[in-house]
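A.B. asks: Build me a model from this:
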Amino acid sequence: MSTGTDLPAATQGKPATAARGAFERLHAFDGLFLRAEHLEVMQDYARDLAMATGRAGGSGVVQGYGLTVDESTTGTAVVAEPGLAIAPDGRPLLATEPLTVTLEGRDPGDSTYYRVLLQPGTWHHGDEPVQGLLCDEPCSDGTTRNVLTAEGPWLSLEAVSDDRFGAHRSGRRSWLAR
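C.D. replies: Numbering: from 1, shown residues only. Here you go, the predicted model:
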C-alpha cells in the first residue's frame with residue numbers, strides 16, 4: 001500500500017494523476033460501501049493485467065487446438081481439441097472441451113480452401129433476481145438478469161479463393177503449409 005512517502009519529493013502532498021494507459025485498481029478501505037462500479041473496477045484491473053501479460057508473450061496457440069475432420073453420421077465437421085491460445089489483443093482463449101464447426105452447406109470450388117479462425121467470444125448466462133426495483137417488484141413477478149459473462153474461443157471457417165491453390169492438385173497441403 002502506498003502512503004505517499006515512496007513518491008518522488010516533487011510529487012509528495014500533491015494530487016497525482018495516472019499516466020494514460022496506466023492500470024487502475026480499487027483502493028478499498030473499511031467502511032466503503034461496495035457498489036457495482038467498484039466491482040467492475042476490480043474486474044477490469046484483473047482483465048487488463050492478464051491481457052497485458054498475454055500481449056507481452058505474443059499471440060498464437062500456446063497448447064492444444066489440434067484440428068481433425070470428423071465425418072460422423074451427423075455430417076462432416078472440423079473439430080479443434082481443447083487448448084489455450086492468446087488473441088492479438090492479449091485475451092486468453094481457453095477451451096476445456098472440443099470446438100466444432102460444420103462443413104455442411106459449404107461447397108468449395110477447386111481454387112477454394114478454408115482458413116480456420118479462433119476468435120474471442122462472450123456470452124451471458126445465470127439468471128438472478130434483481131433486488132430493489134421499487135416499480136417492478138410490486139407490479140410483476142420481479143425482474144431477472146444474467147449475472148455471469150463467460151469468455152472463450154469461437155471456432156469459425158473463412159473461405160479463401162486463390163487460383164494458385166487450384167493449380168496444385170497433387171501438392172495442395174504442402175503449398176498451403178509453405
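A.B. asks: neighbouring contacts of the host helix or strand of residue 55?
C.D. replies: Per DSSP states H and E, residue 55 falls inside helix 36-57. Helix 36-57 is contacted by residues 23-26, 28, 32, 86-92 when judged by Cβ atoms under 8 Å, 6 or more residues apart in numbering. Every C-beta, even on glycine, is put in place using the N, C-alpha and C of the backbone.
A.B. asks: Paired strands for whichever helix or strand comes after that helix, with orientation please.
C.D. replies: In the C-terminal direction, the helix or strand that comes right after helix 36-57 (DSSP H and E) is strand 60-64. Take DSSP bridges as the rule and strand 60-64 pairs in its sheet with strand 83-86 (antiparallel).
A.B. asks: At which residues are the helices of the protein located?
C.D. replies: With DSSP state H applied, the chain shows helices at 36-57, 136-139, 163-167, 172-177, listed in chain order.
A.B. asks: which stretch in these is the model least sure about?
C.D. replies: Across these, helix 136-139 has the smallest mean pLDDT, namely a mean of 54.
A.B. asks: how about the strands of this structure, start to end?
C.D. replies: 60-64, 67-72, 75-80, 83-86, 92-95, 99-102, 112-129, 144-161 (DSSP state E).
A.B. asks: In JSON lines: the ones you listed, plus mean neighbour count, distance to residue 53 and mean pLDDT.
C.D. replies: As requested, those are exported to JSON lines (neighbours: other Cβ atoms under 10 Å; distance: least, Cβ to Cβ, whole Å; pLDDT from 0 to 100):
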{"stretch": "strand 60-64", "mean neighbour count": "13", "distance to residue 53": "12", "mean pLDDT": "93"}
{"stretch": "strand 67-72", "mean neighbour count": "10", "distance to residue 53": "27", "mean pLDDT": "88"}
{"stretch": "strand 75-80", "mean neighbour count": "16", "distance to residue 53": "24", "mean pLDDT": "88"}
{"stretch": "strand 83-86", "mean neighbour count": "19", "distance to residue 53": "9", "mean pLDDT": "92"}
{"stretch": "strand 92-95", "mean neighbour count": "18", "distance to residue 53": "9", "mean pLDDT": "91"}
{"stretch": "strand 99-102", "mean neighbour count": "16", "distance to residue 53": "24", "mean pLDDT": "91"}
{"stretch": "strand 112-129", "mean neighbour count": "12", "distance to residue 53": "16", "mean pLDDT": "85"}
{"stretch": "strand 144-161", "mean neighbour count": "13", "distance to residue 53": "16", "mean pLDDT": "84"}
